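Undergrad: Structure for this input, please:
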Amino acid sequence: MSSEATEINAESSLVSCDTDNQTNEIKNVLSELNNKELLIEDEMNEEVFKFLKGLLEAIAEEQDIDGHLISVDTQVYLALHFLITGKVGDKFENIPQNYVNNYVMNLINCLIRTAPQFIKFPIEQKTVEEEFYALGKNENGTGFPHVLGIIGNTYIQLKKPNHNPEIYLNSNHQYSVRIQIVCGPDLQIYNILAAFPGGCENLFIWENSNLRRVLEDSDTNPSNNWLLGNFDYPQEPWLMIPIASAKSPSEELYNKVHNITSQPVKKCIETLKVRFRCLQSILDYDPPEVFAIVTACCVLNNIYICYKDSLEIEVNLQESESSCEEVSTSDLEEGLATRKALIENYFTC
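TA: Prediction:
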């Protein structure tokens, strides 16, 4: 399966600032980057930092400010500092903000170009199925079969957009964009769709995603595997959701195993926002730039996983509310039949 990462050519917004004494400040930046203390302070993985430097070197050059060169190392540090802390120029406030913004967007665009390399479904899908199956089996004696990934969504807040701001208002009356994520058992992101305002329903985003078309097509999904999702999503042959008001022990077991197996996406989204705290703030960017920032953070999430750098995050493991209603779509009848057969084959008590 191909990945679905939104590629956006975002331009930074330029902000001027007082440049007095910036020469000494730049010297301090260059000096501090000669040791590892600065990276440790910002929780930057040294190997990831080196990898990002290699990416940026392909498009960036040292820049001269008042006779002092801003190295690619410094540019990477300032951009990564923003993604990790959500702050721009808070430590080195005398570096002009337009420079810092350019460094941020340069790194983001580099990461987006690498998205097809890092955001994709694994080649060894059988291994992923086995890992998902083990999640349920370890606690319930049976697992959820044929799972390719877990689908979820989240809001990312932003400043009030200049155009059509009303479509960005979410149910909490906050300006935001809505992001659809599919992840694996190890929290690796397999698919990211960052293209819709916060006022859009999850069902609308799902029905307009390329991933749904891929799963629906027997040529690209010959094994008829599926995703797991919550009540935000419809019951379809390629997307299994919980049963509203389970009535039998078998249905209750199905829901219990579904809940356990679905936990990675909650942890993935929480980890993403804890590691990249810019996603917790109200981003002072226009929607295309916000989509780019989110996509870049998802790419970085997978790069961190490649370098065996994980975070221990606890999430709420409460089961889905049984009173929720299933979303109706044209594929509901076939989806219900598929789920019924699944329960009879794997969850009979």
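Undergrad: Please count neighbours and contacts with C-alpha atoms only from this point.
TA: Fine.
Undergrad: Quick check, pLDDT for residue 311.
TA: In this model, residue 311 is scored at 74, pLDDT.
Undergrad: Which helix or strand contains it?
TA: Using DSSP states H and E, residue 311 falls within no helix or strand.
Undergrad: Next, count neighbours for it.
TA: Neighbourhood size, residue 311 [other Cα atoms under 10 Å]: 14.
Undergrad: Repeat that for residue 220.
TA: 13.
Undergrad: Excluding chain neighbours, what is closest to it?
TA: residue 214 (5.8 Å; Cα to Cα, 6 or more residues apart in numbering).
Undergrad: is it true that that neighbour touches residue 225?
TA: No. If you go by Cα atoms under 8 Å, residue 214 and residue 225 don't touch, sitting 11.1 Å apart.
Undergrad: If you count surrounding residues, which of those two has more?
TA: residue 225 (19 against 15).
Undergrad: Need the pLDDT of the more buried one.
TA: On the pLDDT scale, residue 225 gets 93.
Undergrad: Which residue comes closest to it once chain neighbours are left out?
TA: residue 146 is the one closest to residue 225 (Cα to Cα, 6+ apart), at 5.0 Å.
Undergrad: Could I get the phi/psi values of the residue nearest to residue 220?
TA: phi -60, psi -50 (degrees, to the nearest 10).
Undergrad: before we move on, what about the one 10 residues further on?
TA: As for residue 224, its main-chain torsions (degrees, to the nearest 10) stand at phi 50, psi 50.
Undergrad: Would you mind confirming that it makes contact with residue 238?
TA: Yes. Residue 224 is within contact range of residue 238, at 6.9 Å (criterion: Cα under 8 Å).
Undergrad: For the two, list the residues in contact with both.
TA: Here residue 224 and residue 238 have residue 215 as joint contacts, going by Cα atoms under 8 Å, 6 or more residues apart in numbering.
Undergrad: For the residue nearest to residue 161 when sequence neighbours are not counted, which residues are in contact?
TA: Nearest residue to residue 161, sequence neighbours excluded (Cα to Cα, 6+ apart): residue 286, at 6.2 Å. The contact partners of residue 286, by Cα under 8 Å, 6+ apart, come to 158, 159, 161, 162.
Undergrad: if I look at residue 286, how far off is residue 111?
TA: In this view, residue 286 and residue 111 are 19 Å apart by Cα to Cα, to the nearest Å.
Undergrad: got any ranges where the stretch 151-300 of the chain has weak pLDDT?
TA: Counting by pLDDT under 70, not a single residue of the stretch 151-300 of the chain qualifies.
Undergrad: Now do the strands in this structure.
TA: Ranges of strands in the chain, per DSSP state E, are 63-65, 68-70, 147-157, 176-183, 189-197, 226-228, 239-240.
Undergrad: in the stretch 201-349 of the chain, which spans are helices?
TA: Along the stretch 201-349 of the chain, counting by DSSP state H, counting those that start in this stretch, helices occupy 202-207, 210-216, 249-275, 287-306, 332-346.
Undergrad: Now do the last one and helix 249-275, the angle between them.
TA: Regarding helix 332-346 and helix 249-275, their directions subtend 110 degrees when assessed with axes from the mean of the first three to the mean of the last three Cα atoms, to 10 degrees.
Undergrad: Which positions in helix 332-346 come out as buried?
TA: For helix 332-346, the neighbour count (16 or more other Cα atoms under 10 Å) marks 332, 335, 336, 338, 339, 342, 343 as buried.
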